[in-house]
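J.: I'd like to go over a predicted model; first the sequence, then the structure.
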Amino acid sequence: MTRCHWLDESKPDYVEYHDKEWGVPVYDDRVFFEFLILESAQAGLSWYTILRRREGYRNAFANFDPEIVSTYDSDKVDALVQDEGIIRHRAKIESAINNAQRFLEVQKEFGSFSQYIWGFVDGQVVDVRTKDDYPPATTPLSDTLSKDLKRRGFKFVGSTTMYAFLQATGIVNDHDVDCVCRNR
């Protein structure tokens, strides 16, 4: 089976993530919130580092419930900075709480985060790859999304982070052209 050339197939959990999740279009707000937290945590790190801590993030961030996370206070931040199951970076932890609050505002304004995010692409998956080179780090779409999220007060949502978010949530199909998952 041919998979994306960047995938380290010696890591079964990474292969499972690639085969079953990465690039599958998401419409569920809780899943969007999960990837927003995880991709923001990834900034400056490898995705596999975050993937290995995913369960820790699930536990630390109330199974990715934005309503609960939005209520976290400074005592909770202090506790999370000590949590070895996640990346213990205070600014990233605080940004997750801030982003939960902003996420709820977007839901209120648009009816759902899904409607908001899919609105950037008129509800259609964007297919940017035509050959098996490395995907870009950013695109005009990730630039636009990043700017809009920052305008709304989101943190750790730079263009590179948002491009990874768009890939992970299937808004952008960035599987290699010969990858078995490309046309699912």
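T.: Perfect, I can see it now. As the structure is a computational prediction, the values presented were derived from the model and not from experiment.
J.: quick check, distance from the least confident helix or strand in the chain by mean pLDDT to the centre of its chain.
T.: In the chain, no helix or strand scores lower on mean pLDDT, DSSP states H and E than strand 126-127, which sits at a mean of 92. In this view, strand 126-127 has its centroid 17 Å away from the chain centroid, taken as CA atoms, centre = their mean, to the nearest Å.
J.: give me the helices and strands touching that strand, please.
T.: strand 172-173 (3 or more CB pairs under 8 Å, 6 or more residues apart in numbering; DSSP states H and E). The way it works is simple: take the backbone N, C-alpha and C, and place the C-beta from them, glycine included.
J.: listing partners with orientation, what would you give for the strand it packs on?
T.: Partners of strand 172-173 in the sheet, by DSSP bridges, are strand 126-127 (parallel).
J.: downstream of the partner strand, the next helix or strand is which one?
T.: Downstream of strand 126-127, the first helix or strand assigned by DSSP states H and E is helix 140-151.
J.: any idea of the mean pLDDT for that following helix?
T.: Here helix 140-151 scores 98 as its mean pLDDT.
J.: what of stretch 9-26?
T.: 96.
J.: for it, buried residues please.
T.: 14, 17, 18, 19, 21, 22, 23, 26 (16 or more other CB atoms under 10 Å).
J.: which one of those residues is nearest residue 171?
T.: Comparing the buried residues of stretch 9-26 against residue 171 with CB to CB places residue 26 closest, at 7.8 Å.
J.: just to revisit the earlier point, mind putting the buried residues of stretch 9-26 into TSV with secondary structure and distance to residue 160?
T.: Shown next, in TSV, are the buried residues of stretch 9-26 (DSSP: H, G, I helix; E, B strand; the rest coil; distance: CB to CB, whole Å):
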residue	secondary structure	distance to residue 160
14	helix	20
17	helix	19
18	helix	19
19	helix	24
21	coil	20
22	coil	16
23	coil	17
26	coil	19
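J.: which one of the residues you listed sits closest to residue 168?
T.: Here the nearest of the buried residues of stretch 9-26 to residue 168, counting by CB to CB, is residue 22; it sits at 5.8 Å.
J.: pull up the gap between that closest one and residue 176, please.
T.: 12 Å (CB to CB, to the nearest Å).
J.: chain center to stretch 56-69, what's the gap?
T.: That offset, for stretch 56-69, works out to 14 Å (CA atoms, centre = their mean).
J.: can I get it in PDB? Just the C-alpha atoms.
T.: C-alpha atoms of stretch 56-69 as PDB (Å, rounded to 0.1, in the frame of the first residue of the first chain):
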ATOM      1  CA  GLY A  56      -3.100  13.400  28.100                       C
ATOM      2  CA  TYR A  57      -4.700  16.400  26.300                       C
ATOM      3  CA  ARG A  58      -8.100  14.600  26.300                       C
ATOM      4  CA  ASN A  59      -7.900  14.300  30.100                       C
ATOM      5  CA  ALA A  60      -6.500  17.700  30.700                       C
ATOM      6  CA  PHE A  61      -9.000  19.500  28.500                       C
ATOM      7  CA  ALA A  62     -12.200  17.900  29.500                       C
ATOM      8  CA  ASN A  63     -12.500  15.600  26.500                       C
ATOM      9  CA  PHE A  64     -12.100  18.700  24.400                       C
ATOM     10  CA  ASP A  65     -15.300  20.300  25.600                       C
ATOM     11  CA  PRO A  66     -15.000  24.100  24.900                       C
ATOM     12  CA  GLU A  67     -17.700  25.000  27.400                       C
ATOM     13  CA  ILE A  68     -15.700  23.400  30.300                       C
ATOM     14  CA  VAL A  69     -12.300  24.500  29.100                       C
END
